[in-house]
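Novice: Return a 3D structure for these sequence lines:
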Amino acid sequence: MISPSGRFSGFARSMPAAAAAATASHLPICPTPAPPPFARVRSFASHGFSLHGREREFRQRGVMANEVYRMVAKEPPDTDEWRRMAKRIAEDCEQLTEEDLAYVIECLSRPPSELLSDIGDLYRSLEATLISRMASFKSHQLKRIVASYALVGVRLPKLLDALADRAARTVEQISGGEYSSMAGAFARLNHQHFAFFDAIADRAIADASDDVTTPSSDSPRLSSIDITHLLYAHGHLNIRNMRLFKTLGEALQQQQQLAELTTVNAALALNACARVGHCDAGLFDGVADRLLGQDGTKPISAEDFEARHVVLMLNSFSRCNMRRPAVFKRLTGLLLDPPRVQTLSPQQLAIAVHALAKVDALHRPFMEAVGVRATECAEEFQQRELGNLLWGFAKLGYRDRLMTAALLAEVKKHAESLDDITTAQVLDAMRRFDWRGDYVLNNALRDRFLTSIETSDNHNLTQSAWCLTELDAFPQHDGTMGRVLKRLMALQDAMATNSHTYIRQLVRTFQLKYSQDFAKLPQPEKDYALSMVKTERLPWSARENRGMTSRLVDTHTAGRAAIGEQQSAAASGVPAE
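Specialist: I've put the predicted structure just below:
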């Protein structure tokens, strides 16, 4: 991933199979770099000498590094030789110089898939040696080590802390490519070191600000690849340094940077910004113009994208509510020509449909292809993916009865273990589809709702209760609405402003459909419901709103009068009528 010059050679290269198995990250990996010069070292292997049994006698500085490079360059790889070399390195790592040790670790970071565990064991055995010699490593060596551990997926917190401490203390001597690459590697290992990320944030802000204020024909201090690394790292680790995101976003909007920005880097950068809520309209518009060819360049073709990066970009535009219909049509078109919907995982299908639903971007050919794919792999969806997919189709008003039946059948199998969000999403989809005939599913979702009233948050609770009411499946005559309103009263202080609108909607619908149950509500809960209805009108007509409020007030007054009559009768000994 790292070249000897100390910079990444690009995100958009293809990922070797072994490296793809080693990491689940979205960051692509660069090919194996050329070896550093070893002119001063005599290569015994090139003269036919055998080192078997004479390793300690002939080993000199750089010899083992050369042997490792030759071994890695062989096609196909010799797995037995890899294992022997790993054993030698573990035994004699103390004799390697810092440069050779870092280089050997880097060379072994792309093993054949069957040797991944062996190389992982080797990396773990080197932890103590690396920590003890940490003060001697230079910046490019630190970068090689942490990047290699990220590729193999070996997470050793003590070693990572030592690497981050060393880098944080010397951040002023590290180049932009080096500290940004290290940040990306730490993110892929899910390791957040506050001192390191604070130090590189200050350095990156200074470098990016200089690039913006004093642009020149020379190469900037931070390239588009470096900026993408930094954005990805902070977004992946949820480090919400908005000043950093703002500065890097402005730097990335420079004409030179946008021209060099690859499609993969654009997807990663926008996704990172969307994850932390930094929705820079200028950056999104710049990428959108590049995507559509409106910046004077050739429009991006399907060959420039992998399917997973199209999904990332869809999700990014949706999360930031960037409603540019041409962009969504273009992105979904990239998945249809050539047809790549069949290559999407269930998670990617759910993300894509949910993203389109949030911005009301209906593209029927794409939805049809997703429906076919989702029906085929219905059993592979996780519960949250089922909820997202069903809600997305319902929100867009696209009816695919075959797919809906298949997904709801999966929901029915796992109804008892659904979380509150999925329960609310499925009920909302059933309400939008007017899916009333499946009484077994209705009862299962109602039972799940009843068990979560006291623990659910206000939005999911209100949504589930309202949808059950609309589906005529809300429990009657058992005080359930009283429990719901009591829970909402307890959550009132933490509610968002728009939550009151949904509560009013629930109260109105419940009073119309279950007027007798509403009249029997406990007085505190009834007062709360009426206060919510009176505070603000829903966007209905004035006549409907006045009529609804008057009916609620009449019912409330009648209930109070009935209670007064019962109390008077009890005091006088005369039974009330």
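Novice: switch to C-alpha atoms for all contacts and neighbour counts from now on
Specialist: OK.
Novice: pLDDT below threshold where in the stretch 201-350 of the chain?
Specialist: 215-218, 295-299, 302 (pLDDT under 70).
Novice: Heading C-terminal from the lowest-mean-pLDDT helix or strand in the chain, find the next helix or strand.
Specialist: Taking mean pLDDT, DSSP states H and E as the measure, the chain has helix 55-58 as its least confident helix or strand, at a mean of 36. Remark: after helix 55-58, the chain's next helix or strand is helix 63-73, criterion DSSP states H and E.
Novice: buried stuff in that next one?
Specialist: 63-69, 71-72 (16 or more other C-alpha atoms under 10 Å).
Novice: right, and the helix or strand after it?
Specialist: helix 79-92.
Novice: For Y514, which non-adjacent residue is spatially closest?
Specialist: Spatial nearest neighbour of Y514, excluding adjacent residues (C-alpha to C-alpha, 6 or more residues apart in numbering): Q476 at 7.8 Å.
Novice: now the one you found: how far from L485?
Specialist: 15 Å (C-alpha to C-alpha, to the nearest Å).
Novice: more crowded one of the two?
Specialist: L485 (24 against 12; other C-alpha atoms under 10 Å).
Novice: What lies in contact with the host helix or strand of H500?
Specialist: H500 belongs to helix 499-513 when assigned by DSSP H and E. Residues outside helix 499-513 that contact it (C-alpha atoms under 8 Å, 6 or more residues apart in numbering) are 458-459, 462-463, 465-466, 469-470, 517-518, 529, 532-533, 538, 548, 552.
Novice: do the same with stretch 227-236
Specialist: Residues contacting stretch 227-236 (C-alpha under 8 Å, 6+ apart): 180-181, 183-188, 240-241, 245, 248, 252, 265-266, 268-269, 271-273, 275-276.
Novice: Cross those against strands and list the overlap.
Specialist: Per DSSP state E, strands hold no members of the contacts of stretch 227-236.
Novice: Could I have the ChimeraX command that selects the buried members from the residues you listed?
Specialist: Filtering the contacts of stretch 227-236 down to the buried ones (16+ other C-alpha under 10 Å) takes a single ChimeraX command:
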select :180,181,183,184,185,186,187,188,245,248,252,265,266,268,269,271,272,273,275,276
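Novice: Okay, and which of the contacts of stretch 227-236 map to helices?
Specialist: 180-181, 183-188, 245, 248, 252, 265-266, 268-269, 271-273, 275-276 (DSSP state H).
Novice: elements contacting the helix or strand immediately after the helix holding H500 in the chain?
Specialist: Next along the chain after helix 499-513, taking DSSP H and E as the criterion, comes helix 515-519. Counting contacts by 3 or more C-alpha pairs under 8 Å, 6 or more residues apart in numbering; DSSP states H and E, helix 515-519 is packed against helix 499-513, helix 542-572.
Novice: looking at those, which has the lowest confidence?
Specialist: For the helices and strands packed on helix 515-519, mean pLDDT drops lowest on helix 542-572, to a mean of 47.
Novice: What is the burial count for L258?
Specialist: 18.
Novice: if we can go back for a sec, flag every buried residue along the helix holding H500.
Specialist: 500-511.
Novice: and which of the residues you listed is nearest C107?
Specialist: Nearest to C107 among these is Y502, at 58.2 Å by C-alpha to C-alpha.
Novice: Tell me how far that closest one lies from N443.
Specialist: Relative to N443, and taking C-alpha to C-alpha, Y502 is found at 23 Å.
Novice: try S209
Specialist: 59 Å.
Novice: Closest one of the buried residues of helix 499-513 to M85?
Specialist: Y502 (65.3 Å).
Novice: And the closest one, how close does it get to G482?
Specialist: 17 Å.
Novice: quick one: the helices in the stretch 201-350 of the chain?
Specialist: 224-236, 242-252, 255-260, 263-276, 281-292, 307-319, 325-336, 346-358 (DSSP state H, counting those that start in this stretch).
Novice: quick one, which of the ones you listed is nearest to V171?
Specialist: That would be helix 224-236 among the helices of the stretch 201-350 of the chain, by C-alpha to C-alpha, at 14.4 Å.
Novice: what's the burial count for the nearest residue to H477 once chain neighbours are set aside?
Specialist: Counting by C-alpha to C-alpha, 6+ apart, D517 is the residue found nearest to H477 once chain neighbours are left out, at 6.2 Å. The local packing of D517 (other C-alpha under 10 Å) involves 17 other residues.
Novice: Equivalent analysis for the one 3 residues further on, please.
Specialist: Applying the criterion other C-alpha under 10 Å, we find 15 residues in the vicinity of K520.
Novice: go on, L336?
Specialist: 16.
Novice: you'd agree it is up against F366?
Specialist: Yes - between L336 and F366 there is a contact at 6.8 Å, judged by C-alpha atoms under 8 Å.
Novice: Please tell me how far R275 sits from A233.
Specialist: 11 Å.
Novice: which residues does the residue nearest to N442 when sequence neighbours are not counted contact?
Specialist: Of all residues not flanking N442 in the chain, A473 sits nearest, at 6.8 Å (C-alpha to C-alpha, 6+ apart). Neighbouring residues of A473 by C-alpha under 8 Å, 6+ apart: 442-443, 446.
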